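In: what's the 3D shape of this:
(chains A, B, C and D)
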There are 2 protein chains.
Amino acid sequence: MYDTQFKQAVTTSDKTFFQLRYDIVEGKVLSGSKLSETELSTKYSVSRAVIREAISRLESCRLVERKANVGARVVDLSPDGLVELYQIRESLEGMAARLAAKNMTSEEITELNQLLESHADKVKKEGSYYQEAGDVDFHYRIILGSKNKQLISLLVDGIYHLVRMYRVQLGMSGPRITTAFDEHKHIVNAIQNRDEELAEMLMRRHIMYSKNNIANKLA
Amino acid sequence: MYDTQFKQAVTTSDKTFFQLRYDIVEGKVLSGSKLSETELSTKYSVSRAVIREAISRLESCRLVERKANVGARVVDLSPDGLVELYQIRESLEGMAARLAAKNMTSEEITELNQLLESHADKVKKEGSYYQEAGDVDFHYRIILGSKNKQLISLLVDGIYHLVRMYRVQLGMSGPRITTAFDEHKHIVNAIQNRDEELAEMLMRRHIMYSKNNIANKLA
DNA sequence: TAGGTCTAGATTGTCGACAATGATTCGAAT
DNA sequence: ATTCGAATCATTGTCGACAATCTAGACCTA
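Out: Residues are numbered from 1 along each chain as shown, chains lettered A, B, ... in the order given. All right, here's what the predicted structure looks like:
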């Protein structure tokens, strides 16, 4: 997933942006720490111009905050910030589920079902938990299924990296994860029945549960 | 409203960004037209660096689209784009209304009521229609009332400029405008009663109506 | 000692020049 | 005449240097 974006990088600004974003999300650069332009330019062996470009893009993802004539800092994670983020997710992904119920092709829906089945098999055979990667895969399909370009960009390019940052830095995969599978199944059923109303409602509840689960760790 | 932001501008990049955004939203720069960096740098009498910075920020507002090694173009407006935009508005502003019902102080609510009253008076006395400015004022109060910083930034810094661009370039203020007042009133009532569910639902319907109204003109 | 001011250092903002990539035009060959 | 290719031109991407601003610490004063 990250690989695909790295390949899309044509300019060194792109590469630096992707690399820096990765480092921030994965916690290689601590949240709250200052991003010195000169320092980064030596570290990544590029000019300050491309660093500035990268930071500018990171700002539009809300991964860093910038003040004029002062500099940029990595956003710091807080319980309040998490709640705010999940309120937005609830709203936007709920709409995405509604639109997916309307706009996904039947082929896409069967593929989505196959995805869930393969996850279920994997859980049974390997005895492993329903991993975060599976959850992300699922949500991405729904989002793309909405066919709303702006919505897709908002979530995929913007919010999801911040979501992942919270997940990584709180250490994810709790016991609840298994129950998420059933919720996913119900959402797909609603989409399959073209029940927009229900699809939205179930997705919103799914995200609310997820929020409560992750919020407990932070508190 | 634009003035307040212009005053916040500390660096010439800020000023150029605000100016350029204004020119695009107001249609001084045609939608779909190319933004040549050298051309703009001479036009605004600044270096290409600040133009690039401004364009980069415009890109994060989704007012321009950029391709590597090719350049930036002002987004072109389309019926599909409008529908997508209003789906997002419906989702996010619905959530904003829900949160406003939860988080607005009683002082803020009374101020909101006063705002509506003053608009009503103005309509009666001057015989004027319920103008767009009034509508925007109202929606801003709700959005700010959500107290969700990310949501506020998403709407105020991002989406609303694109909304305004559509409004301006389609020539706004239709006959429906008057009925919007009643819808606003009902939303405030729901907020006053702390009825989150209803506030969200009414706001979503209000925006759907608004979409249908504006979409008719485009088709 | 607390507070304020001024200087020195470091950091960000802005600029012009060069390098690299994409577009266009002209020419040649079939 | 048309299509393919090469050279030229224009535009964007990258760089290092200079200017403007903020920050930290010393020094002075009450």
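In: check contacts around the residue lying farthest from the centre of chain A.
Out: The C-alpha centroid of chain A is most remote from A:N69, which lies 30.9 Å away (C-alpha atoms, centre = their mean). Contacts for A:N69 (C-beta atoms under 8 Å, 6 or more residues apart in numbering or on different chains) come out as B:V10, B:T11. To be clear about C-beta, it is placed using only N, CA and C from the backbone, and glycine gets the same treatment.
In: In three-state terms, label it for me.
Out: coil (DSSP: H, G, I helix; E, B strand; the rest coil).
In: What score does it have for pLDDT?
Out: A:N69 is assigned a predicted lDDT (pLDDT) of 96.
In: tell me the contacts of A:K34?
Out: The contact partners of A:K34, by C-beta under 8 Å, 6+ apart, come to A:G71, A:A72, A:R73.
In: If you rank these by neighbours, which is first?
Out: A:A72 (21 neighbours; other C-beta atoms under 10 Å in any protein chain shown).
In: Got the phi and psi for that one?
Out: Note on A:A72: its backbone torsions stand at phi -110, psi 140 [degrees, to the nearest 10].
In: Per-residue pLDDT of it, please?
Out: For A:A72, pLDDT reads 98.
In: Relative to DNA strand C, how far out is it?
Out: 6 Å (C-beta to the nearest atom of the strand, to the nearest Å).
In: Quickly list what that residue is bridged to.
Out: Counting by DSSP bridges, A:A72 is bridged to A:L35, A:R66.
In: What segments of chain A are strands?
Out: A:34-35, A:64-67, A:71-74 (DSSP state E).
In: So is the shortest one next to DNA strand D?
Out: So the one you mean is strand A:34-35. No: against DNA strand D, strand A:34-35 shows no contacts by C-beta under 7 Å from any atom of the strand, the least distance being 10.4 Å.
In: Say whether DNA strand C is contacted by that strand.
Out: Yes: using C-beta under 7 Å from any atom of the strand, strand A:34-35 reaches DNA strand C at A:K34, A:L35.
In: so how many other residues sit close to A:A54?
Out: Count around A:A54 with other C-beta under 10 Å applied: 27.
In: How about the contacts made by the closest residue to it other than its chain neighbours?
Out: Excluding its sequence neighbours, the residue lying closest to A:A54 (C-beta to C-beta, 6 or more residues apart in numbering or on different chains) is A:F17, at 4.1 Å. Taking C-beta under 8 Å, 6+ apart, we find A:F17 in contact with A:A9, A:E53, A:A54, A:R57, A:L58.
In: For the second one, list the residues it contacts.
Out: Counting by C-beta under 8 Å, 6+ apart, A:E53 makes contact with A:S13, A:T16, A:F17, B:R52, B:S56.
In: how about the residue farthest from the centre of chain A, phi and psi?
Out: Dihedral angles (degrees, to the nearest 10) for A:N69: phi 60, psi 10.
In: picking that back up, tell me which of the contacts of A:E53 is nearest to DNA strand D?
Out: Proximity of these to DNA strand D (C-beta to the nearest atom of the strand) peaks at A:S13, which lies at 3.4 Å.
In: Could I get the contacting residues of A:Y86?
Out: A:I207, A:M208, A:S210, A:K211, A:I214, A:A215.
In: could you flag which of these are buried?
Out: A:I207, A:S210, A:K211, A:I214 (16 or more other C-beta atoms under 10 Å in any protein chain shown).
In: ok, these vs A:L170, which is closest?
Out: A:I214 (6.5 Å; C-beta to C-beta).
In: pretty sure A:S33 is touching A:A72, no?
Out: No: the pair A:S33 / A:A72 is not scored as a contact, 10.0 Å apart, by C-beta atoms under 8 Å.
In: ok, A:V123 to DNA strand D distance?
Out: The gap separating A:V123 from DNA strand D is 43 Å, by C-beta to the nearest atom of the strand.
In: Need the per-residue pLDDT for that residue.
Out: 71.
In: so how many other residues sit close to it?
Out: Neighbours of A:V123 (other C-beta under 10 Å): 17.
In: go on, A:V75?
Out: Using other C-beta under 10 Å, the number of residues around A:V75 comes to 18.
In: For the residue most central in space within chain A, report the pLDDT, please.
Out: Against the mean C-alpha coordinate of chain A, by C-alpha atoms, centre = their mean, the closest residue is A:Y160 at 2.3 Å. Looking at A:Y160, its pLDDT is 95.
In: of the contacts of A:F17, list those near DNA strand D.
Out: Within the contacts of A:F17, those near DNA strand D by C-beta under 7 Å from any atom of the strand are A:E53.
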